[in-house]
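K.L.:
pasted the sequence and its predicted model underneath.
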Amino acid sequence: TLDAGGEYKIVLALTLTRDADGAAAGTLRNTSESGKELPVTTIALKNKSVEFAVKGLGATFSGTLNNAGTEITGTWSLAGTDLPLTFKRSTAAEKKP
């Protein structure tokens, strides 16, 4: 959940995969607005560091993957504002059809 204070809370779902050629690919979706999925670009994965951009929003994210590989904790930057953001891996039971 991206918490900008007050009522401004947005739940984001991040999907990262690898293309057939092995390149990182991904999408970001605002779960409160169906059909609002944006491509994640400029994905950089090095050791436990994860960085990507969402050009459709003019936003970037820079974070660190935990040792268990279940969370990426970092900073979401949009329009000159930096906010803390943690992506947590969902379990099969939490995923919606």
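P.N.:
Arrived safely. Numbering: from 1, shown residues only.

K.L.:
tell me which residue is most central in the protein.
P.N.:
Centroid check for the chain by CA atoms, centre = their mean gives residue 14 as the closest residue, at 4.2 Å.

K.L.:
now residue 58: how far from residue 77?
P.N.:
As judged by CB to CB, to the nearest Å, residue 58 and residue 77 stand 9 Å apart. In this view, the C-beta of every residue, glycine as well, is placed from N, C-alpha and C.

K.L.:
now residue 7
P.N.:
In terms of CB to CB, residue 7 sits 21 Å off from residue 77.

K.L.:
of these two, which one has the most company?
P.N.:
Shown here are residue 7 and residue 77; by other CB atoms under 10 Å, residue 77 has more neighbours (16 against 5).

K.L.:
list the contacts for that one?
P.N.:
Residue 77 makes contacts with 59-62, 83, as judged by CB atoms under 8 Å, 6 or more residues apart in numbering.

K.L.:
in terms of pLDDT, where does it sit?
P.N.:
Predicted confidence (pLDDT) at residue 77: the value is 96.

K.L.:
strand partners (parallel or antiparallel) of the helix or strand where it lies?
P.N.:
Element membership for residue 77, per DSSP states H and E: strand 71-78. Partners of strand 71-78 in the sheet, by DSSP bridges, are strand 59-65 (antiparallel), strand 81-88 (antiparallel).

K.L.:
now those strands as TSV including mean pLDDT, distance to residue 25 and mean neighbour count?
P.N.:
TSV is the format used below for these (pLDDT from 0 to 100; distance: least, CB to CB, whole Å; neighbours: other CB atoms under 10 Å):
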stretch	mean pLDDT	distance to residue 25	mean neighbour count
strand 59-65	96	15	18
strand 81-88	93	16	14
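
K.L.:
measure residue 81 to residue 53 for me?
P.N.:
Using CB to CB, one gets 16 Å for the distance from residue 81 to residue 53.

K.L.:
can you find which strand in this structure contains the most residues?
P.N.:
Using DSSP state E to assign secondary structure, the strand with the most residues in the chain is strand 37-46.

K.L.:
just how off-centre is it within its chain?
P.N.:
From the chain centre to the centre of strand 37-46 is a distance of 8 Å (CA atoms, centre = their mean, to the nearest Å).
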